[in-house]
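Fold the following.
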Amino acid sequence: MIDARGRSCPEPVVMIRDAMKSGQKEYEMVVDAQVCVENVTRFAEHAGYKVSVAEKDGEFVMKIRK
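The predicted model follows:
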């Protein structure tokens with residue numbers, strides 16, 4: 001679980017990019033801004049991952065899978 005709450009872009013994108021260097025096929029990230037959801041989704045999809053998002057109480061849980 002990557003906790004990027006309270007961080008503004010591009011920091012969440014950098015966090016997922018660094019995590020992807022491990023080569024895992026699945027990640028979960030929590031952010032608290034819609035713009036972070038959009039930027040991380042764009043980056044992940046460009047890297048060949050599929051992204052699903054669930055929103056609850058102003059927080060977004062992103063599941064990022066290859």
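
Now do the contacts for the residue sitting furthest away from the middle of the chain.
No residue in the chain has its C-alpha farther from the mean C-alpha position than residue 57, which lies at 17.4 Å (C-alpha atoms, centre = their mean). The neighbourhood of residue 57, defined by C-beta atoms under 8 Å, 6 or more residues apart in numbering, contains no residues. In short, each C-beta sits where N, CA and C put it, glycine included.

Do you know the pLDDT at it?
You'll see residue 57 listed with a pLDDT of 93.

how much space between it and residue 66?
When distances are taken as C-beta to C-beta, to the nearest Å, residue 57 and residue 66 turn out to be 29 Å apart.

Which helix or which strand is home to residue 13?
Secondary structure assigned from DSSP states H and E places residue 13 in helix 11-20.

show me where the protein has strands.
Taking DSSP state E, the strands of the chain run over residues 2-3, 26-31, 50-56, 59-65.

could you say what helices and strands the second one packs with?
Read that as strand 26-31. When contacts are defined as 3 or more C-beta pairs under 8 Å, 6 or more residues apart in numbering; DSSP states H and E, strand 26-31 packs onto strand 2-3, helix 11-20, helix 34-46, strand 59-65.

what about 10 Å?
Packing contacts for strand 26-31, counted by 3 or more C-beta pairs under 10 Å, 6 or more residues apart in numbering; DSSP states H and E, involve strand 2-3, helix 11-20, helix 34-46, strand 50-56, strand 59-65.

can you put these in TSV and add distance to residue 28 and mean neighbour count?
Below are these laid out as TSV (distance: least, C-beta to C-beta, whole Å; neighbours: other C-beta atoms under 10 Å):
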stretch	distance to residue 28	mean neighbour count
strand 2-3	7	14
helix 11-20	10	17
helix 34-46	12	17
strand 50-56	10	12
strand 59-65	6	17
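
Minimum distance to residue 26: which of these has it?
strand 59-65 (4.9 Å; C-beta to C-beta).

Which strands border the closest one, and is each parallel or antiparallel?
Sheet pairing of strand 59-65 (DSSP bridges) gives strand 26-31 (antiparallel), strand 50-56 (antiparallel).
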